[in-house]
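Need coordinates for the below:
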Amino acid sequence: MQYVQLMPQPAEPTRRSTRAGAAPDAPESAAGSRAAAQRLKMRRELAAAAMELFATKGYEATTVDEIAAAAGVARRTFFRHFRSKEEAIFPDHDDTLVRAEAVLNAAPAHEHPLDTVCRGIKEVMRMYAASPSVSVERYRLTREVPTLREREIASVARYERLFTRYLLGHFDERDHHDGNDDPLLAEVAASAVVTAHNHVLRRWLRAGGQGDVETQLDHAFAIVRDTFGTGIGAGRSRTVPQAGDAATPGEGAVAQAHTHGEVLVAVARTDAPLSEVMRTIERALKDG
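Below you'll find the model as predicted:
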């Protein structure tokens, strides 16, 4: 995959009021942050009330009016935050999706896009890990109620689409041709990251929210990275290293080696699979 650095679009100039005594931008931003925090707080309170009622009365027997009353708000307040009672079980996904996208947008230019995606989806795990007991109960409910399970699947699909778009946006769009598997690998890699995350998440939830989930995630992502990190770009022709080749990997090669008498010099990209580096060295030794 030929990665391209995406240049940020210049923001539109902020329109400043010419009225005397107009409020500066900072207080407006602070007010917006407070409003967002209050909105999230209310969503979580409604979700907590819903989960408690679902656990005691059952999902089907619980009504929106009962959820609103348990949270101490009116029915119309509930519908300002959620469109249905099943949506109330997942109060944080919208905000978490925004945070994950912010990680992608702020990624340093030198970072491998797959590493960026792995960092982005960690925002989802942080959401669950922030309230282990709530997350465990939510998991139990989603296993028992098909409607909630469908809602959970829809939420997972949103993350997968976000990460697929990000990976697809980091190769040269003009390089689509027969034999270039970059688009396929980008989609498969995004799915693999989400699947690895969800595997670790389910294992953690089944363990009652106990265990070093960060280490487990890093291990799972390392497997994905080893599998797809260099596979993306496989549609490009690779230079087969020969004895006497220059010691700098070319456009397609991930590793090269050459011999000088009894000395072998090998150079590899940092993301090169160890197996490929070893094959390159073996070929150079054999030819030398």
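
hey, where'd the strands end up in the stretch 151-288 of the chain?
Listed from the start of the chain, the stretch 151-288 of the chain has strands (DSSP state E, counting those that start in this stretch) covering 255-260, 263-268.

Poorly predicted segments of this protein, please.
1-29, 171-180, 230-277, 288 (pLDDT under 70).

Swap in 80 and give it another go.
Within the chain, the set of residues satisfying pLDDT under 80 comprises 1-33, 36, 91, 170-184, 229-288.

Longest helix in it, by number of residues?
Assignment by DSSP state H gives helix 25-57 as the longest helix of the chain.

C-terminal to it, what's the next element?
helix 64-71 (DSSP states H and E).

Can you list the buried residues in the next helix or strand after that next one?
Once the chain leaves helix 64-71, the next helix or strand it forms, by DSSP H and E, is helix 75-81. For helix 75-81, the buried set under the neighbour-count rule, 16 or more other CB atoms under 10 Å, comprises 78, 81. Backbone N, C-alpha and C define where each C-beta goes, glycine included.

do the same with stretch 91-104
Under the neighbour-count rule (16+ other CB under 10 Å), stretch 91-104 has 91, 92, 93, 96, 97, 100, 101, 103, 104 buried.

In helices, which of those fall?
Per DSSP H, these map to helices at 93, 96, 97, 100, 101, 103, 104.

Taking helix 25-57 as reference, get the angle to the strand or helix carrying residue 143.
Secondary structure from DSSP H and E places residue 143 in helix 132-144. Angle of helix 132-144 versus helix 25-57, following axes from the mean of the first three to the mean of the last three CA atoms, to 10 degrees, is 60 degrees.

for helix 132-144, packing partners?
Contact partners of helix 132-144 among helices and strands, from 3 or more CB pairs under 8 Å, 6 or more residues apart in numbering; DSSP states H and E: helix 25-57, helix 146-168, helix 182-206.

I'd like a version of those in JSON lines, one that adds distance to residue 116 and mean neighbour count as further columns.
As requested, the helices and strands packed on helix 132-144 are exported to JSON lines (distance: least, CB to CB, whole Å; neighbours: other CB atoms under 10 Å):
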{"stretch": "helix 25-57", "distance to residue 116": "25", "mean neighbour count": "15"}
{"stretch": "helix 146-168", "distance to residue 116": "7", "mean neighbour count": "17"}
{"stretch": "helix 182-206", "distance to residue 116": "10", "mean neighbour count": "19"}
